[in-house]
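> next input, structure requested:
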Amino acid sequence: MATKSVEKYSSLEIIKMSLRNNIRQYTMFIALIGIMLIFSLLSGVFFTPRNLSTLFLQTAHIAILASGVVLVIVAGHIDLSIGAVVGLTGAIAAILQAHYGLGVLPAIIITLAVGALIGLWQGYWVAYRDVPAFIVTLAGMMIFNGLLLGVTRGETIATSSMFNKLGQDYIPTLFFINSPKDMLPHDTTIIFLVFVIVAYLWYELKRRKERITYGFDILPIKLFALKIALVISLITAVFLIMALYLGIPYSIVILMVIGSLYTFITTKTTFGRHVYAIGGNKEAAKLSGINIRQRTLWIFISSGILGAIGGIIYTARVGSAAASAGQGMELDVIAAAIIGGTSTLGGQGTIVGAIIGALVMTTLNNGMLLLDVGTTERLIVRGLVLLLAVWIDISSRKRDA
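As a prediction, the model looks like this:
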């Protein structure tokens, strides 16, 4: 089969077409870089390895939660209960250890099971009883907040130091002991960097070869090389920041695993294609034989499990469970997914975009805290950013139509 290419266009025309067709994704990246540059100019502390490593720690649980919410929104639903699920599951993990003497692993397994049951409960009402997800998850938010208050009895429950490592500690070095003062790169992080770069190169070359085989459009070799170089530079910068502090946090490793798994699910599996088909056109998906009820049920089970993982990591990071945990977190999570390019109308969204969106929200909050911006102003700014993201989504949809 003859291979099509875009050689007939100039490099500038290709870049313009790419920008026009992916305006939401590029806007997200440009916004993140712009926000970071602004805060680096306004605060000398922002671009230090310590602050940026802390920023990644703060992002991990939001990004994990957003990965689950992406599937929910892509399928045309919403999950307002995610913050309450984080608080409740985190409290369950803490109580199982503090009051019942369970080890870290059994407590985590039981907590994940609780998250799956929560997703099953909500998915059942949405999928098989046709109650709108907005109402089901709003009711869930109230129910789980009530249960959280009941199980904690309004008290703060401390978690064990072993459990807290999931949210606070970093992977150990293999050969050389480093500290932030000596500026010696964290060797394990450098190994991770090499592995990620090799994996990325393999994926891109494999994808390009597949497109050539099936006769799809491919970028000219110069633009392809430029794209590879830019992405590798970005990956290297992120890992070097962590390497010059204490290395990669355990929570970021968990996020990398979940992000990779869900990216594979959404792009390479039948289930992922069905989710996008349901969100794109529910009636057409039904006529094509997709079991919409079953898929919807599994989407909410997935969200419940990731809610439990997010609850575990968040509780481990703060070192305790409390009745106020998770309140308002659903707003940050949904905003992260939407800012990352997930369409509010369903049918569009990526896991990588949601992770970047979570980084945008956390960067905004972190930078404004460094500048001593008040709570009122922080909420206003984050709300305006969300409004802008939705406006870009709707505008791009109208243009495409």
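> residue 272 against residue 261, yeah?
No. Using CB atoms under 8 Å, residue 272 is not in contact with residue 261; the gap is 11.2 Å. (Glycine included, C-beta is placed from N, CA and C.)
> the two: which is more packed in?
residue 272 (18 against 12; other CB atoms under 10 Å).
> helix, strand, or coil at the nearest residue to that one once chain neighbours are set aside?
Counting by CB to CB, 6 or more residues apart in numbering, residue 266 is the residue found nearest to residue 272 once chain neighbours are left out, at 4.0 Å. Classification of residue 266 by DSSP: H, G, I helix; E, B strand; the rest coil places it in helix.
> report the contact partners of residue 266.
70-71, 74, 272, 275-276, 350-351 (CB atoms under 8 Å, 6 or more residues apart in numbering).
> mind pulling up the pLDDT for the spatially most central residue of the chain?
Among the residues of the chain, the one closest to the centroid is residue 63, at 2.6 Å (CA atoms, centre = their mean). Note on residue 63: pLDDT of 95.
> got the buried residues for the host helix or strand of it?
According to DSSP states H and E, residue 63 maps onto helix 49-74. Neighbour-count burial for helix 49-74, with 16 or more other CB atoms under 10 Å as criterion, is recorded at 49, 51-53, 55-74.
> next one: stretch 362-372
362-368.
> what lies in contact with it?
Applying CB under 8 Å, 6+ apart, the external contacts of stretch 362-372 come out as 32, 35-36, 38-39, 42-43, 45-46, 51, 54-55, 58-59, 62, 377-378, 381-382, 385.
> among those residues, name the buried ones.
For these, a burial check counting by 16+ other CB under 10 Å picks out 32, 35-36, 39, 43, 46, 51, 55, 58-59, 62, 378, 382, 385.
> ok, of those residues, which one's closest to residue 226?
residue 32 (19.8 Å; CB to CB).
> low-confidence ranges, the stretch 251-400 of the chain, go.
396-400 (pLDDT under 70).
> what ranges does the chain have for its strands?
Assigned by DSSP state E, the chain shows strands spanning 157-158, 320-321.
> contact partners of the first one?
Contacts made with strand 157-158 from outside it, assessed by CB under 8 Å, 6+ apart, are listed as 91, 94-95, 98-99, 319-322.
> among the residues you listed, which are located in helices?
91, 94-95, 98 (DSSP state H).
> burial of residue 165, as a residue count?
By other CB under 10 Å, neighbour count at residue 165 equals 15.
> nope, residue 174 is what I was after
Using other CB under 10 Å, the number of residues around residue 174 comes to 10.
> which parts of the stretch 201-350 of the chain are helices?
For the stretch 201-350 of the chain, the helices defined by DSSP state H, counting those that start in this stretch occupy 221-243, 250-268, 270-280, 282-287, 292-318, 329-339.
> can I get the ones you listed in JSON lines with distance to residue 134?
JSON lines is the format used below for those (distance: least, CB to CB, whole Å):
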{"stretch": "helix 221-243", "distance to residue 134": "36"}
{"stretch": "helix 250-268", "distance to residue 134": "23"}
{"stretch": "helix 270-280", "distance to residue 134": "15"}
{"stretch": "helix 282-287", "distance to residue 134": "16"}
{"stretch": "helix 292-318", "distance to residue 134": "13"}
{"stretch": "helix 329-339", "distance to residue 134": "12"}
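> closest to residue 119 out of those?
Short answer: helix 292-318, nearest of these by CB to CB, at 2.4 Å.
> what packs against the closest one?
If you count contacts as 3 or more CB pairs under 8 Å, 6 or more residues apart in numbering; DSSP states H and E, helix 292-318 packs onto helix 49-74, helix 82-98, helix 104-127, helix 161-168, helix 250-268, helix 270-280, helix 282-287.
> surely residue 174 touches residue 191?
Yes. Using CB under 8 Å, residue 174 is in contact with residue 191, at 7.2 Å.
> how about low-confidence regions in the stretch 1-150 of the chain?
In the stretch 1-150 of the chain (pLDDT under 70), the answer is 1-26.
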